[in-house]
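Novice: Predicted model, plus sequence, below.
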Amino acid sequence: MHAPLLEVQGLTHRYGTRAACNNISFSLYSGEVLAVVGESGSGKTTLLRCLSGQLRPDAGCVMFETRNAGAVDVWGMSEATRRMLARTDWGFVHQNPRDGLRLDVSAGANIGERLMAIGARHYGNIRGEARAWMSKVELDVQRMDESPAAFSGGMQQRVQIARNLVSRPRLVFMDEPTAGLDVSVQARLLDLLRGLACDLGLSAIIVTHDLAVARLLAHRTLVMHDGCVVEEGLTDQVLDDPQQAYTQLLVSSALPA
Amino acid sequence: MNENSRAGGYNFAYLDEHTKRMIRRAILKAIAIPGYQVPFGSREMPLPYGWGTGGIQVTAAVIGPADVLKVIDQGSDDTTNAVNIRRFFVRTTGVRVTGRASDATIIQTRHRIPETPLREGQIIVYQVPIPEMLRWLEPREAETRKMHALSEYGAMHVKLYEDIARYGHIATTYDYPVIVNEHYLMRPSPIPKFDNPKLHMNPALQLFGAGREKRIYAVPPYTAVRSLDFEDHPFEIQRWQHACELCGAADSFLDEVIIDNEGARMFVCSDSDYCTQRRDAHRRAVA
C-alpha cells in the first residue's frame, strides 16, 4: 500500500473557546474522493480551510505527500512553499465562483493564470492549453475571450474548475461546488466532476451538505457534527446503514429523490 | 543665486531637517533594495496630491546648494507643473536651474525620461501617482506585499494576456510593468513604454516618490530593468512613420500636435530640450 496523499492527525481549530474542529484525524489516499458532510456550523468549511493552507490550525498536523520531498507538514513548511503548493499541486473550488475567478478578465485568462504563475511565458501555448480546458469542461471555446461575468452560474463554476485543473493538481478541495445551482445544472456539473476525477485520477475532498452529492462522487464519507467526526466509512455504507444517531437523523432528513 | 535670494521664513528646500533625514533614510533603504516600495511619512506639501508631492519631497531631501535643477512635465520644461515646481525650488533653495538635461545634477520629471542619455552622478526623480503595480489585480495591501515578498507575479502576465486576447498585441503603452534586478515588480510611473529601455542599466540614480500613497522606491545606477512580455509577443516600443518636423529626429518620442482650426497636425519631439538642442546644432552647422 502506498503512503496516504494527505494524512490529518488531531487537527483542532478554535474560535475563542469554541472548537470548530475538534481532534480530527483521517487519511486520504491517491485517487480517492472524500466527502465531508454535516449541517451548517458543523466545522466543515473550517476543516477545509485548515487542510488547504488558508487557516492555521491550533493543534494537530496535516501531512501532504509531495511529488519530490515525501510527506511534508503543510503547516511546518515555509509560506512560500505552501502558496506554491496551493497553486500547483492543489486546487480549490469555491462555492461561489466569484470568489475563485477574476471577473474582469476573460475566461481564457482565468484558466491560463496558474500557468503564468508557474512561469509559462508563451502566449500561444497558454492560449492553446486554456482552449483545451474550455472544451474539457464542456464550455464553448468560442467564448474564451468573454468575461466570466457574462456567463451563467453553472458555466462560471466550470471555468473555476478548469482554472484549478490546468496545473494538473493531485488534490482538489471543493467547498459546496454545486450549491446555488439549479438541479439540472447541478446534475450535469456532478457528471462532469465525476468524469474528470475518474479520467485524471484526482483526489478530492468535497465539503457538502447535500448527501446526493456525496453519494454520487465520493468513495468515502466523513460525517461531522459540532466540530467532531461522528462517523466515517465507505459512502454507501454510511448513507445506507448509518450507525450514529446524528447520521441517522441526517440521512432521514434528506428528501427522497 | 545665493543664500539671500531665498524666500525668508522657510528652511532650505522647504522641509525641516528632520523630515529630510527621514526621507533620506527611506531613500537609502530603497536604493539598497532596488524596486522595493519603502513606506515613508509623506508630508503635506503646498500643492495638491497628484501634482508631484512625492517627487518634490524626494527632490527636497536630496538637493543641496550646489545642485543644478531641471524640472520637466511630459517632456517639456514650460508647462504648468514644471514651471510651478521649478519656481518652488528656486524660492526655497536658491539653486541654479536649467533646461538642459546634460547640465542638470537633479532632474525631476513627470512622465518622461530625457532623450539625452543621463550620466553618472545625475539623479532623476519621478513623480508617481500610484506605486503599486498589482493594485488593480489585488485590492488587498497585505496580499500585494506578500506577493512582492514571494515574487508571485503571475497575475501581472494575466493583464498582458488579456491585452493580446483583446487587441492582438500588448496594448499597454505607458506605466508598463518592469522587473527590477530580477526580483521586484515595479511601476515605472506613467512614462511611455518608449522610455522603458532607458531605465535599464542607466548610469544615473533613479528615485521614485509617491506622496499620497507614501512610498519611495529606487533603481540604483547600472541596475537591470526588464519589461514583462511573452516569448511570442516580445516587448516593443512605439514607432512613428514621421520624424520630428522641427528638428528631424527619427529616434525620439513624438507628440502629435494640432496646429490650426482646420485640424492640421504635426509631429514634434515630446522632449523640448532635446529638440531645441538639435535645432541649435543644425543652425550652427549651417552658419
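Specialist: All right, it came through fine.
Novice: Residue B:217: which element?
Specialist: strand B:215-219 (DSSP states H and E).
Novice: After that strand, which helix or strand is next? Please name it.
Specialist: Scanning onward from strand B:215-219 (DSSP H and E), the first element met is strand B:225-227.
Novice: what sits up against that next one?
Specialist: B:176-182, B:186, B:188, B:193, B:196-197, B:199-202, B:219, B:235 (Cβ atoms under 8 Å, 6 or more residues apart in numbering or on different chains). All C-beta atoms are positioned from the backbone trio N, CA, C, and that covers glycine.
Novice: rewinding a little: can you tell me the strand partners of the strand holding residue B:217 and which way each runs?
Specialist: strand B:38-39 (antiparallel), strand B:205-210 (antiparallel) (DSSP bridges).
Novice: could you say what helices and strands the helix or strand following the shortest one packs with?
Specialist: Which is strand B:38-39. Next helix or strand after strand B:38-39 toward the C-terminus (DSSP H and E): helix B:53-62. Packing partners of helix B:53-62 (3 or more Cβ pairs under 8 Å, 6 or more residues apart in numbering or on different chains; DSSP states H and E): helix B:17-32, helix B:80-93, strand B:106-110, strand B:123-127, strand B:205-210, strand B:215-219.
Novice: ok so, going back, alpha carbons only: can I get the strand holding residue B:217 in CSV?
Specialist: The C-alpha coordinates for strand B:215-219 follow below in CSV (Å, rounded to 0.1, in the frame of the first residue of the first chain):
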residue,chain,number,x,y,z
ARG,B,215,6.0,55.3,-0.9
ILE,B,216,9.5,55.7,-2.2
TYR,B,217,11.4,53.3,-4.4
ALA,B,218,14.6,53.4,-6.4
VAL,B,219,16.6,52.0,-9.2
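Novice: quick one: that strand to helix B:53-62, angle?
Specialist: 70 degrees (axes from the mean of the first three to the mean of the last three Cα atoms, to 10 degrees).
Novice: Show me what strand B:215-219 is in contact with.
Specialist: Residues contacting strand B:215-219 (Cβ under 8 Å, 6+ apart): B:23, B:26-27, B:30-31, B:34-40, B:54, B:58, B:128, B:131-132, B:180, B:186, B:199, B:202, B:205-210, B:225.
Novice: List buried residues within these.
Specialist: Among the contacts of strand B:215-219, those buried by neighbour count (16 or more other Cβ atoms under 10 Å in any protein chain shown) are B:23, B:26-27, B:30-31, B:34-38, B:40, B:54, B:58, B:128, B:131-132, B:180, B:186, B:199, B:202, B:205-210, B:225.
Novice: ok now do the residue of chain A found nearest chain B, which residues does it touch?
Specialist: Closest to chain B within chain A is residue A:117: 2.7 Å, counting by Cβ to the nearest Cβ. Listed by Cβ under 8 Å, 6+ apart, the contact set of residue A:117 reads A:87, B:152, B:154-155.
Novice: Quick check: the residue of chain B nearest chain A.
Specialist: Taking Cβ to the nearest Cβ, chain B has residue B:154 as its residue nearest chain A, at 2.7 Å.
Novice: Against residue B:59, how distant is that residue?
Specialist: 36 Å (Cβ to Cβ, to the nearest Å).
Novice: These two: which has the busier surroundings?
Specialist: Shown here are residue B:154 and residue B:59; by other Cβ atoms under 10 Å in any protein chain shown, residue B:59 has more neighbours (27 against 19).
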